[in-house]
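Colleague: how would this look folded up:
(4 chains)
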2 protein chains.
Amino acid sequence: MRLTTRGRYAVTAMLDLALHYEHGPVSLAEIAKRQGISQSYLEQLFAKLRRNRLVDGLRGPGGGYKLGRPGDTISVADVIDAVNESVDATRCGGQRNCQDEHRCLTHDLWEDLSTQIRQFLSEVSLDQLVKRQSVQAVHRLQETQVSDLQTEASI
Amino acid sequence: MRLTTRGRYAVTAMLDLALHYEHGPVSLAEIAKRQGISQSYLEQLFAKLRRNRLVDGLRGPGGGYKLGRPGDTISVADVIDAVNESVDATRCGGQRNCQDEHRCLTHDLWEDLSTQIRQFLSEVSLDQLVKRQSVQAVHRLQETQVSDLQTEASI
DNA sequence: AAAATACCTGAGTATTTTACTCGGATTAGC
DNA sequence: GCTAATCCGAGTAAAATACTCAGGTATTTT
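Modeller: Model (predicted):
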């Protein structure tokens, strides 16, 4: 099963979008700085997110990205599916040819696990994450850090 | 999160052990042939399984491996933990230093997911797997295939 | 219209992890 | 003492991942 930095970055970036939605489009440069992710790498991820209509890109000065639809209709599973190919835990990608042309001994177990994970991630929306205390805490911390950086830069 | 061929092979091999427990120790050569896994690779996995006391190794002719304790007390999570380092979904391995020295925005989400997965895999024991119809079906299929191979070889 | 901003794209690369091999040593049964 | 098996460590090939780089394009501000 694939759950790597790629999926984690994508969810983090989408959550950043959701958190700053009210101030208009958010540029990748901002997200990159706030979340400590390479901007070029983010561009690749957002290309996929855009293809899946999870975000809208707005070009030009003052541009950036915004959510493609309301945050309560975007689940974590949606985001991960968009950038990974899937969260499948089987070796064969659900095709049941894991061993030679047959199912392997544990095929069904991994299929059940995949279902479980997918369901868990489907039940968590971006809006729900925004409301979480743990997210708000980190959010506030990041805001003060960014304003610190801005102060530093202006000296 | 790490759930790759390694963990899947380990569970499959342990299940093979559980299925053939009654006939005395099972050699890695048999498992390798039946499950289509490289024997040398199995040796590495079983070294870890042995260190975690999930199996006992018996050397010499007629030797092989047997379960270290009853199959109803060995969970799939036990097996995966033994060969992977963990099924942790966080980037930081639960250390909360995912971004610089702080928690990243989504740390708690991945921690929750890890808990979920771990719980699911903890609730499935080897004995439960043995009883599953899907496992029994593949098991019977493998037995006939192996006897076919033996017949072929003896001609 | 020019400049600046920021998205957009594709190709390429370094690193890491994984899956697997190889050679040999050790142990136990016949 | 031969053979079958576990044990052990080092090394390697291939794949995936994370990331860079070099450009291009659309849009807004001036």
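Colleague: For chain A, just list every one of the helices.
Modeller: A:5-19, A:28-35, A:39-51, A:76-83, A:107-122, A:126-131, A:133-154 (DSSP state H).
Colleague: Just send those back as TSV, with mean neighbour count, distance to chain B and mean pLDDT too.
Modeller: Yep, even glycine has a C-beta here, placed from its N, CA and C like the rest. Output for the helices of chain A, formatted as TSV (neighbours: other C-beta atoms under 10 Å in any protein chain shown; distance: least, C-beta to the nearest C-beta, whole Å; pLDDT from 0 to 100):
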stretch	mean neighbour count	distance to chain B	mean pLDDT
helix A:5-19	23	5	93
helix A:28-35	18	7	92
helix A:39-51	16	14	93
helix A:76-83	22	7	90
helix A:107-122	18	4	91
helix A:126-131	17	7	96
helix A:133-154	12	4	72
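Colleague: can you list those in TSV and add distance to DNA strand C?
Modeller: As requested, the helices of chain A are exported to TSV (distance: least, C-beta to the nearest atom of the strand, whole Å):
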stretch	distance to DNA strand C
helix A:5-19	10
helix A:28-35	4
helix A:39-51	4
helix A:76-83	13
helix A:107-122	13
helix A:126-131	18
helix A:133-154	14
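Colleague: who wins for proximity to residue B:64 among these?
Modeller: helix A:107-122 (23.9 Å; C-beta to C-beta).
Colleague: quick one, the closest one and helix A:76-83 angle?
Modeller: Orientation note: helix A:107-122 sits at an angle of 110 degrees relative to helix A:76-83 (axes from the mean of the first three to the mean of the last three C-alpha atoms, to 10 degrees).
Colleague: May I have helix A:107-122 as CSV, with CA atoms only?
Modeller: Output of helix A:107-122 as CSV, limited to C-alpha atoms (Å, rounded to 0.1, in the frame of the first residue of the first chain):
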residue,chain,number,x,y,z
HIS,A,107,-5.3,-11.7,-1.1
ASP,A,108,-8.7,-11.2,0.7
LEU,A,109,-7.1,-10.0,3.9
TRP,A,110,-5.4,-7.1,2.1
GLU,A,111,-8.5,-6.4,0.2
ASP,A,112,-10.4,-6.0,3.5
LEU,A,113,-7.7,-3.8,4.9
SER,A,114,-7.8,-1.6,1.8
THR,A,115,-11.6,-1.2,2.3
GLN,A,116,-11.1,-0.3,5.9
ILE,A,117,-8.5,2.4,5.2
ARG,A,118,-10.4,3.8,2.3
GLN,A,119,-13.5,4.1,4.5
PHE,A,120,-11.6,5.8,7.3
LEU,A,121,-10.1,8.3,5.0
SER,A,122,-13.4,8.9,3.2
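Colleague: Can you check what angle separates that helix from helix A:5-19?
Modeller: Using the same axes, to 10 degrees: helix A:107-122 against helix A:5-19 is 20 degrees.
Colleague: For helix A:107-122, which helices and strands make contact with it?
Modeller: Counting contacts by 3 or more C-beta pairs under 8 Å, 6 or more residues apart in numbering or on different chains; DSSP states H and E, helix A:107-122 packs against helix A:76-83, helix B:107-122, helix B:133-154.
Colleague: Need those helices in a markdown table (columns: distance to residue A:31).
Modeller: Output for these, formatted as a markdown table (distance: least, C-beta to C-beta, whole Å):
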| stretch | distance to residue A:31 |
| --- | --- |
| helix A:76-83 | 14 |
| helix B:107-122 | 17 |
| helix B:133-154 | 44 |
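Colleague: I'd like the helices of chain A as CSV, with distance to residue B:41 appended.
Modeller: Formatted as CSV, the helices of chain A follow (distance: least, C-beta to C-beta, whole Å):
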stretch, distance to residue B:41
helix A:5-19, 26
helix A:28-35, 38
helix A:39-51, 33
helix A:76-83, 29
helix A:107-122, 19
helix A:126-131, 40
helix A:133-154, 40
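Colleague: To residue B:108, which of those helices lies closest?
Modeller: Closest to residue B:108 of the helices of chain A is helix A:133-154 (C-beta to C-beta; 4.3 Å).
Colleague: Residue A:35 versus the closest residue to DNA strand D within chain A, what's the distance?
Modeller: Across chain A, no residue is closer to DNA strand D than residue A:5, which sits at 2.5 Å (C-beta to the nearest atom of the strand). Going from residue A:5 to residue A:35 by C-beta to C-beta, to the nearest Å gives 12 Å.
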